[in-house]
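Novice: Model the structure of this input:
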Amino acid sequence: MESRQASQIDLDRIREQYDRSPYPRIPLENSPKNDYNQLFIHNMVTPYYLRYQRVVDTQDKLILDVGCGSGYKSLQLAEANPGAKIVGIDLSPLSIDLAKQRLAHHGFENVEFHAMSVDDIPQLGMTFDYINCDELLYILPNPIAGLHVMKSVLKPQGLLRTNLHSAYQRQGYHRGQALFQMLGLTENNPGEEEVGIVIETMKALKDDVALKAQNWQPQYEGPDGEQTILMNHLLLGDKGFTVAQMFAMLRETDLEFVSMVNWRQWEVTDLFKDADDLPAYIGLSLLGASPEERLRAYELMHPVHRLLDFWCTHPDNVEITPIDDWSDHDWQNAIIHLHPQLRTEPMRESLTKAIEDSTQFQINRLVSVSSLGQVFIENTNASCLLPLWESPQPFKVLVDRFLKVRPVHPVTLEPTTPEVAFQTIKKMLNQLEAFLFVLPERSI
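Specialist: Predicted coordinates for the structure are as follows:
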């Protein structure tokens with residue numbers, strides 16, 4: 001009983017903090033339409049393909065935004081998932097009012113918002129295809145209980161995106177929070193006075209003091225620094241977690257890990273000078289390592305990510321065949337999709353110009369979050385992707401297009417054979433699928 005009362009007191013204080021300073025402070029008129037990386041992350045097509053190797057239609061899907069704040073993430077979800085209904089909840093009534101205004105301003109009507117806690121989500125009487133719980137789980141008094149609640153309203157093949165603060169990356173901020181708590185700055189809800197004390201303290205510290213050197217920037221002292229300080233140095237309820245603790249939470253709630261949201265930035269072999277020439281013991285250890293073990297290794301070597309940001313779902317027996325293991329028959333009968341965030345007019349124009357100018361096509365010019373560095377496609381191969389801007393295409397269509405675009409070998413002038421065309425297109429799509437730029441589907 002005392003524990004529940006303490007949790008309620010914690011939630012009340014968190015609600016007061018966000019009523020005082022709604023998050024995020026983004027102007028109402030700002031639109032995420034051209035923020036292709038964020039739309040890529042918020043599009044449920046991305047995790048659904050990672051888990052099921054199928055392209056989901058977002059029309060009429062139900063999406064829950066838990067801890068929607070002032071509604072900017074809800075707006076991103078609405079933009080990224082055409083035709084879906086967005087339901088947002090937040091503890092802060094003021095934040096809910098701002099979220100309603102934001103979505104209305106941008107013309108989204110298939111939305112609803114409720115001021116409620118995570119524990120009350122079942123009262124909505126809905127089950128959801130996708131749940132977005134961003135920047136919230138780590139401040140809940142009982143994150144495991146929160147996961148249980150969200151799991152209870154997640155459809156059988158639904159996906160949950162949530163995140164935890166990294167204990168290793170955030171340790172400096174957690175030390176600062178402990179210091180300012182000891183000084184009494186968080187006894188009541190922190191506000192302008194407490195922010196001023198933090199600024200005064202940090203300015204007075206020597207530059208080489210660890211707390212200042214690692215967790216302070218001069219811009220925090222400016223007019224826009226208040227929310228940054230409130231969300232970091234004075235954040236109520238903040239907690240840090242390790243990858244091991246993250247997986248332990250998933251096991252306790254019987255949820256299945258799908259992928260890190262920024263999975264390409266968690267590849268442990270990228271930390272070595274030569275990924276193809278690892279120390280023998282490390283190479284053998286990683287060869288049989290589970291996803292959890294690989295992520296733990298990365299975290300212990302290089303804890304640079306603020307968030308342990310991941311997708312999970314209900315455990316099931318659905319198995320997919322990695323694209324590297326597809327047979328020629330699988331490829332011949334496959335349907336090739338372009339990721340919705342690439343299927344835009346600016347990208348089509350960029351491809352058309354590259355074709356006309358006989359230059360390489362940079363396919364990750366707008367969506368770069370799933371890749372490291374620039375990704376270029378040779379001009380002739382890239383031209384075979386052009387039909388994907390119109391609609392998904394059978395693999396055979398792309399092969400036939402290659403035969404027309406390059407009828408002969410440019411050096412020997414020998415006719416291009418169907419087998420050469422098949423292998424060329426297969427290799428290109430295989431490489432692009434790793435970044436989810438293209439989404440091949442096997443025939444059922």
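Novice: neighbours around residue 307, how many?
Specialist: By other CB atoms under 10 Å, 18 other residues sit near residue 307. For glycine as for every other residue, the C-beta is placed from the backbone atoms N, C-alpha and C.
Novice: Find the nearest non-adjacent residue to it, please.
Specialist: Nearest residue to residue 307 in three dimensions, chain neighbours excluded: residue 163, at 4.4 Å (CB to CB, 6 or more residues apart in numbering).
Novice: Can you point out the buried residues in the strand or helix carrying the one you found?
Specialist: Per DSSP states H and E: residue 163 is located in strand 154-166. Residues 154-155, 158-166 are the ones in strand 154-166 that count as buried (16 or more other CB atoms under 10 Å).
Novice: now, which of these sits nearest residue 344?
Specialist: Comparing these against residue 344 with CB to CB places residue 161 closest, at 22.6 Å.
Novice: Bridged to that closest one, which residues?
Specialist: residue 132, residue 311 (DSSP bridges).
Novice: still on that earlier bit, give the full set of residues in contact with the residue nearest to residue 307.
Specialist: Counting by CB atoms under 8 Å, 6 or more residues apart in numbering, residue 163 touches 133-135, 137-138, 261, 307-310.
Novice: What separation do you get for it and residue 249?
Specialist: Per CB to CB, to the nearest Å, residue 163 is found 12 Å from residue 249.
Novice: and what of residue 54?
Specialist: Distance of residue 54 to residue 249, computed by CB to CB: 27 Å.
Novice: cool, residue 306 as well?
Specialist: 18 Å.
Novice: What of residue 371?
Specialist: Here the criterion is CB to CB. By it, residue 371 lies 29 Å from residue 249.
Novice: and these two? which has more neighbours close in?
Specialist: Applying other CB under 10 Å to residue 371 and residue 249 shows that residue 249 carries more neighbours, namely 19 against 16.
Novice: Skipping adjacent residues, who's closest to that one in space?
Specialist: Sequence neighbours aside, residue 144 is the residue nearest to residue 249 in space, at 5.7 Å (criterion: CB to CB, 6+ apart).
Novice: And residue 294, by the same measure?
Specialist: Leaving aside its chain neighbours, residue 294 sits nearest to residue 268 (5.1 Å; criterion: CB to CB, 6+ apart).
Novice: Next one: the one you found from residue 317, what distance?
Specialist: 28 Å.
Novice: Neighbour count: those two, which is higher?
Specialist: Just comparing residue 268 and residue 317: by other CB under 10 Å the higher neighbour count belongs to residue 268, 21 against 4.
Novice: hmm, back to that, I'd like the next helix or strand past the strand holding residue 163.
Specialist: Following strand 154-166 toward the C-terminus (DSSP H and E): helix 171-182.
Novice: what's that following helix packed up against?
Specialist: In terms of contacts (3 or more CB pairs under 8 Å, 6 or more residues apart in numbering; DSSP states H and E), helix 171-182 is packed against helix 192-204, helix 210-215.
Novice: what's the most distant pair in the buried residues of strand 154-166?
Specialist: The distance between the two most remote of these (CB to CB) is 29.5 Å, for 155 and 166.
Novice: which residues of the stretch 51-200 of the chain score low on pLDDT?
Specialist: For the stretch 51-200 of the chain, no stretch is flagged by pLDDT under 70.
Novice: Helices along that one, start to end?
Specialist: Secondary structure of the stretch 51-200 of the chain (DSSP state H, counting those that start in this stretch): helices at 72-80, 93-105, 143-152, 171-182, 192-204.
Novice: Would you point to the one among those that's packed deepest?
Specialist: Most buried of the helices of the stretch 51-200 of the chain, by mean neighbour count (mean count of other CB atoms under 10 Å): helix 72-80, with a mean of 25.
Novice: Work out for me the element residue 318 sits within.
Specialist: Using DSSP H and E, residue 318 falls outside every helix and strand.
Novice: My guess is it contacts residue 52. True?
Specialist: Yes - using CB atoms under 8 Å as the test, residue 318 is close enough to residue 52 to be in contact (6.2 Å).
Novice: Can you pull the residues that touch both of those two?
Specialist: Common contacts of residue 318 and residue 52, defined by CB under 8 Å, 6+ apart, comprise residue 157.
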